[in-house]
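> Any chance you can model this:
(2 chains)
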Protein chains: 2
Amino acid sequence: MRMPKKAEFPLSEVRRYLEPGPVVLVSSAHKGRTNIMTMGWHTMMEFTPALVGCVIAESNHSFELIRKSRECVINLPTADMAKTVVDIGNTTGAEIDKFETFGLTPVPAERVKAPLIGECHANFECRLHDARLVKRYNFFIFEVVAAHVAPSPKNPRAIHYRGGGEFMVAGASISLRRRFRPGML
Amino acid sequence: MRMPKKAEFPLSEVRRYLEPGPVVLVSSAHKGRTNIMTMGWHTMMEFTPALVGCVIAESNHSFELIRKSRECVINLPTADMAKTVVDIGNTTGAEIDKFETFGLTPVPAERVKAPLIGECHANFECRLHDARLVKRYNFFIFEVVAAHVAPSPKNPRAIHYRGGGEFMVAGASISLRRRFRPGML
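Next comes the predicted model:
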């Protein structure tokens, strides 16, 4: 897998990549251990600060790493990584080193200890912002504190999970920009 | 716009339509007034009960209708409705009747007072399950209590907002079912 070169990206624009609902890979680190999990249940919650809410089930090995370190990186994989995305979801970090097993490159982050996944199209460094729904819903609210995005392609072929082993691959773009009231863009 | 015929749909499978992250239309009713808003910030939170978390900003006319009635319907529009989806987001229910203005058909729901939007591919009737994050984040957690889905096409052309007036239209499906551990489907 290729490692795209990335540029810094405005935090207020993170929604461009996350709002369409792609499956993401969440990388984490705590006390010298790293891990990666596959995640599909997330939503933007605020532009500034850039808040993302997501469900990380307690049964995941990543749960404790993220809860204790209060950090993670949300990484955006593309269709060429689909099999790896499934395999990461099929295995547990309690038994294997996922970076090593799947040939992924841990790249040091700027603002958190969790590593970026070099092969992904975009990497969003996150700090835990609000944990009050963790106990009841496994729902973490993160603030994105640094964003790194490959400048091209502008619209990566993200994959979107439907359940049942089936993914939807991001399709064509349509612009209705001229139809929007400026304040609604 | 066409009104697809729909069948009851298992609540535990609602994720099939919402997890990929489509823009949805939220319909509501309170004291004889109805409204529709466009929404892109939502996530599945649990299979059973089927929980969906979403951000409904206070500035929306729908906010008070939903907060007070504690109900809504999440409707799934398709690409042929894209212009209407934008126009609904551009206007306010404080000034117009959105069903009438946009030629949409309010269909009585089974379990809530908010109307279904007949022209949408799927309709998910929702009751407010947890409001504790409404004040701080405008974040509502709903339980889907009834689901109506058009049996075909199996994979509707949902639209996914990227910001800036641009939508991604749901693309091809790929199945990696045989690669999943059965428990992970």
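
> Okay, buried residues for stretch A:59-66 please.
Buried residues in stretch A:59-66, defined by neighbour count with 16 or more other Cβ atoms under 10 Å in any protein chain shown: A:60-63, A:65-66. For the C-beta atoms, the positions are set from N, CA and C on the backbone; glycine is no exception.

> can you put the residues you listed in CSV and add secondary structure and pLDDT?
Listed next are the buried residues of stretch A:59-66 as CSV, based on DSSP: H, G, I helix; E, B strand; the rest coil; pLDDT from 0 to 100:
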residue, secondary structure, pLDDT
A:60, coil, 95
A:61, helix, 96
A:62, helix, 97
A:63, helix, 98
A:65, helix, 98
A:66, helix, 98
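
> Max pairwise distance over these: which two?
Within those, A:61 and A:66 form the most distant pair, 10.0 Å apart (Cβ to Cβ).

> now residue A:59: how far from residue B:52?
Summarising the geometry, the distance separating residue A:59 from residue B:52, computed by Cβ to Cβ, to the nearest Å, is 21 Å.

> meant to ask about residue A:136
Note on residue A:136: its distance to residue B:52, by Cβ to Cβ, is 15 Å.

> Comparing those two, which shows the higher neighbour count?
Counted by other Cβ atoms under 10 Å in any protein chain shown, residue A:136 and residue B:52 do not tie: residue B:52 has more neighbours, with 24 against 11.

> State the helix or strand in which that one lies.
Residue B:52 belongs to strand B:51-55 when assigned by DSSP states H and E.

> can you pull the contacts of residue A:40?
With contact set as Cβ atoms under 8 Å, 6 or more residues apart in numbering or on different chains, residue A:40 has these partners: A:21, A:23-24, A:160-161, B:19, B:44.

> between those residues, which has the most around it?
When neighbours are taken as other Cβ under 10 Å, the top entry among the contacts of residue A:40 is residue A:21 (29 neighbours).

> and residue A:7, what are its bridge partners?
Beta bridges link residue A:7 to residue A:149, judged by DSSP bridges.

> How many residues are close by it?
When neighbours are counted by other Cβ under 10 Å, residue A:7 registers 9.

> Is it correct that it is in contact with residue A:151?
Yes. Taking Cβ atoms under 8 Å as the definition, residue A:7 is a contact partner of residue A:151 at 5.5 Å.

> Am I right that residue A:110 is in a strand?
No. Under the criterion used here (DSSP: H, G, I helix; E, B strand; the rest coil), residue A:110 is coil, not part of a strand.

> Next one: it, what pLDDT does it get?
What the model reports for residue A:110 is a pLDDT of 98.

> Check the spacing between residue A:154 and chain B real quick.
Distance from residue A:154 to chain B, counting by Cβ to the nearest Cβ, to the nearest Å: 10 Å.

> can you list the weak-confidence ranges in chain A?
Scanning chain A with the threshold set as pLDDT under 70 gives no residue ranges.

> For chain B, what is the nearest residue in it?
For chain A, the residue positioned closest to chain B under Cβ to the nearest Cβ is residue A:21, at a distance of 1.3 Å.

> how about the nearest residue to that residue, chain neighbours excluded?
The spatially closest residue to residue A:21, leaving aside those adjacent along the chain, is residue B:21, at 1.3 Å (Cβ to Cβ, 6 or more residues apart in numbering or on different chains).

> Hmm, residue B:160 and that neighbour touching each other?
Yes. Using Cβ under 8 Å, residue B:21 is in contact with residue B:160, at 5.5 Å.

> Quick check: neighbours shared by those two?
Common neighbours of residue B:21 and residue B:160 (Cβ under 8 Å, 6+ apart) are A:19-21, A:160, B:40.

> taking those one by one, which sit in helices?
Among the shared contacts of residue B:21 and residue B:160, DSSP state H puts none in helices.

> quick check, nearest of those residues to residue B:79?
Using Cβ to Cβ, the shared contacts of residue B:21 and residue B:160 come closest to residue B:79 at residue A:20, 13.7 Å.

> Now do the contacts for that closest one.
A:158, A:160, A:170, B:21, B:160-162, B:168.

> which ones among those are found in strands?
A:160, A:170, B:160-162, B:168 (DSSP state E).

> now those residues as CSV including distance to residue A:183?
Formatted as CSV, the ones in strands among the contacts of residue A:20 follow (distance: Cβ to Cβ, whole Å):
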residue, distance to residue A:183
A:160, 28
A:170, 27
B:160, 21
B:161, 15
B:162, 18
B:168, 22
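
> quick one on the thing from earlier: need the contact list for the residue nearest to residue A:21.
Counting by Cβ under 8 Å, 6+ apart, residue B:21 touches A:19-22, A:160, B:40, B:160.

> who touches the residue sitting nearest the centre point of chain A in this structure?
Compute the mean C-alpha point of chain A, and by Cα atoms, centre = their mean the closest residue is residue A:74, 2.5 Å away. Contacts were defined as Cβ under 8 Å, 6+ apart; by that measure residue A:74 touches A:18, A:24-26, A:39, A:42, A:52, A:54, A:123-124, A:126, A:142, A:144.

> Residue A:170 now?
Each residue near residue A:170 by Cβ under 8 Å, 6+ apart is listed here: A:20, A:22, A:155-160, B:160, B:168, B:171.

> How about the strand or helix carrying residue A:64 and chain B, touching?
Using DSSP H and E, residue A:64 maps to helix A:61-69. No. Among the residues of helix A:61-69, none lie within reach of chain B under Cβ under 8 Å from any Cβ of the partner chain; the closest is 14.0 Å away.

> and that helix, what does it pack onto?
strand A:24-30, strand A:33-39 (3 or more Cβ pairs under 8 Å, 6 or more residues apart in numbering or on different chains; DSSP states H and E).

> Tell me which strands the helix or strand following that helix pairs with, and in which orientation.
Tracing the chain past helix A:61-69, the next element assigned as helix or strand by DSSP H and E is strand A:71-76. Based on DSSP bridges, the strands next to strand A:71-76 in the sheet, each with its direction, are strand A:24-30 (antiparallel), strand A:122-130 (antiparallel).
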